[in-house]
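>>> Predicted model and sequence below, questions to follow.
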Amino acid sequence: MERPSLEVNLPDTHEEGKLYVVDSLNNLNKLNVCPDESQHSLDEEENTGGTGESMAGSSTRNQYLFFITFVFTLIISLALVSFVMFLIFQTRNEMDQISSRLLSEKRNIEELKKINSIILRHLNQSGTKK
């Protein structure tokens with residue numbers, strides 16, 4: 001019984017040895033290809049087990065910044081739209097006031113014309129009597 005278990009363990013040891021050699025070659029390749037500055041990031045990746053935890057934090061931070069920027073942009077847009085609507089309503093009120101003043105001035109001018117024509121008739125009649 002012990003013999004079959006030894007036979008099974010031997011290929012596993014051989015496979016682990018192959019993996020160790022490949023891993024060592026990969027590490028050497030990284031050292032030769034990567035500059036010193038990026039070696040720090042490689043060491044961090046090895047420490048985290050290559051799960052990408054630092055990338056997940058960065059992605060979450062980027063999403064958070066995007067969300068904050070988006071909300072800030074929406075608030076500014078809402079404020080600008082509100083201000084434009086306020087200006088439109090204010091302008092409409094001013095135009096209504098100016099229009100009503102023009103109409104009242106038009107009536108006053110027509111009344112003054114009537115008074116002027118009455119005065120001219122009166123002066124013409126009094127001038128013809130003399």
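The structure has been received and is ready for your questions.
>>> The helix or strand hosting residue 96 - what's its average pLDDT?
Here residue 96 sits within helix 53-129, counting by DSSP states H and E. Taken as a whole, helix 53-129 has a mean pLDDT of 92.
>>> From the contact counts, what lies against that helix?
Helices and strands touching helix 53-129, by 3 or more CB pairs under 8 Å, 6 or more residues apart in numbering; DSSP states H and E: there are none. C-beta here means a position set from N, CA and C on the backbone, and glycine is covered the same way.
>>> Swap in 10 Å and give it another go.
Applying 3 or more CB pairs under 10 Å, 6 or more residues apart in numbering; DSSP states H and E, we find helix 53-129 packed against helix 36-47.
>>> tell me the average confidence for the helix it packs on?
Average pLDDT, helix 36-47: 54.
>>> how close does residue 65 get to residue 72?
Distance, residue 65 to residue 72, by CB to CB, to the nearest Å: 10 Å.
>>> for residue 88, same thing?
25 Å.
>>> same check, this time on residue 122
Separation of residue 122 from residue 72 (CB to CB) stands at 75 Å.
>>> can you check residue 95 too?
Applying CB to CB to residue 95 and residue 72 gives a distance of 35 Å.
>>> Pull the number of nearby residues for residue 30.
Neighbours of residue 30 under the rule other CB atoms under 10 Å: 15.
>>> no no, residue 25
Around residue 25 there are 10 residues (other CB under 10 Å).
>>> Secondary structure element holding it?
Per DSSP H and E: helix 2-33 holds residue 25.
>>> Quick one: mean pLDDT over that helix.
Mean predicted lDDT for helix 2-33 stands at 61.
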